[in-house]
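Enquirer: Got a sequence here, can you model it:
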Amino acid sequence: MACASDTFADELAELSSAEEFLEYFGIDFSVPVVQVNRLHILQRFHDYLARQEAGRTPDYLAYRHWLARAYADFVASSAQAEKVFAVFQRAEGSSFVPLSSLTD
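Expert: Numbers count the residues shown, from 1 in each chain. Presented below is the predicted three-dimensional model:
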């Protein structure tokens with residue numbers, strides 16, 4: 001007989017979109033917010049889990065908490081401000097490329 005954590009892990013493995021995750025965890029969401037930020041929300045969710053839940057058995061309430069927090073980050077802010085992905089992190093710094101480096 002499978003244990004509860006196996007069932008939870010199996011159910012999570014079936015989810016693929018941000019909308020599916022939000023629906024699974026019963027989190028109300030704005031479709032336009034998710035449409036614009038779906039990858040950012042999922043990456044932030046992953047980052048929160050990696051930092052806070054490393055080494056722990058998957059727990060529905062903890063996962064729900066971190067997904068709700070990840071979603072809320074983008075309701076109150078933007079992808080550019082949150083800088084989840086490296087492209088936004090580098091954009092804040094200097095990205096000067098000398099012309100001489102582009103020619104042989």
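Enquirer: For the rest of this, base every contact and every neighbour count on C-alpha atoms.
Expert: Noted.
Enquirer: Distance check, Y24 against G55.
Expert: Distance of Y24 to G55, given as Cα to Cα, to the nearest Å: 23 Å.
Enquirer: And those two? Which one has more around it.
Expert: Applying other Cα atoms under 10 Å to Y24 and G55 shows that Y24 carries more neighbours, namely 13 against 8.
Enquirer: Going C-terminal from the longest helix along the chain, what's the next secondary structure element?
Expert: The longest helix of the chain (DSSP state H) is helix 31-52. Sequence-wise, the next helix or strand beyond helix 31-52 is helix 60-75, with elements assigned using DSSP states H and E.
Enquirer: list the buried ones in that next one?
Expert: When neighbours are counted by 16 or more other Cα atoms under 10 Å, the buried residues of helix 60-75 are found to be 63-64, 66-71, 73-74.
Enquirer: Please save the CA atoms from that helix in PDB.
Expert: Backbone C-alpha positions of helix 60-75 (Å, rounded to 0.1, in the frame of the first residue of the first chain) are rendered in PDB as follows:
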ATOM      1  CA  TYR A  60       0.800  19.900   1.400                       C
ATOM      2  CA  LEU A  61       0.500  22.800   3.800                       C
ATOM      3  CA  ALA A  62       4.100  23.900   3.400                       C
ATOM      4  CA  TYR A  63       3.900  23.700  -0.400                       C
ATOM      5  CA  ARG A  64       0.600  25.600  -0.400                       C
ATOM      6  CA  HIS A  65       2.200  28.300   1.700                       C
ATOM      7  CA  TRP A  66       5.200  28.800  -0.600                       C
ATOM      8  CA  LEU A  67       3.100  28.700  -3.700                       C
ATOM      9  CA  ALA A  68       0.700  31.300  -2.300                       C
ATOM     10  CA  ARG A  69       3.700  33.500  -1.300                       C
ATOM     11  CA  ALA A  70       5.300  33.100  -4.800                       C
ATOM     12  CA  TYR A  71       2.000  34.100  -6.500                       C
ATOM     13  CA  ALA A  72       1.600  37.100  -4.100                       C
ATOM     14  CA  ASP A  73       5.100  38.300  -5.000                       C
ATOM     15  CA  PHE A  74       3.900  38.900  -8.500                       C
ATOM     16  CA  VAL A  75       0.500  40.300  -7.600                       C
END
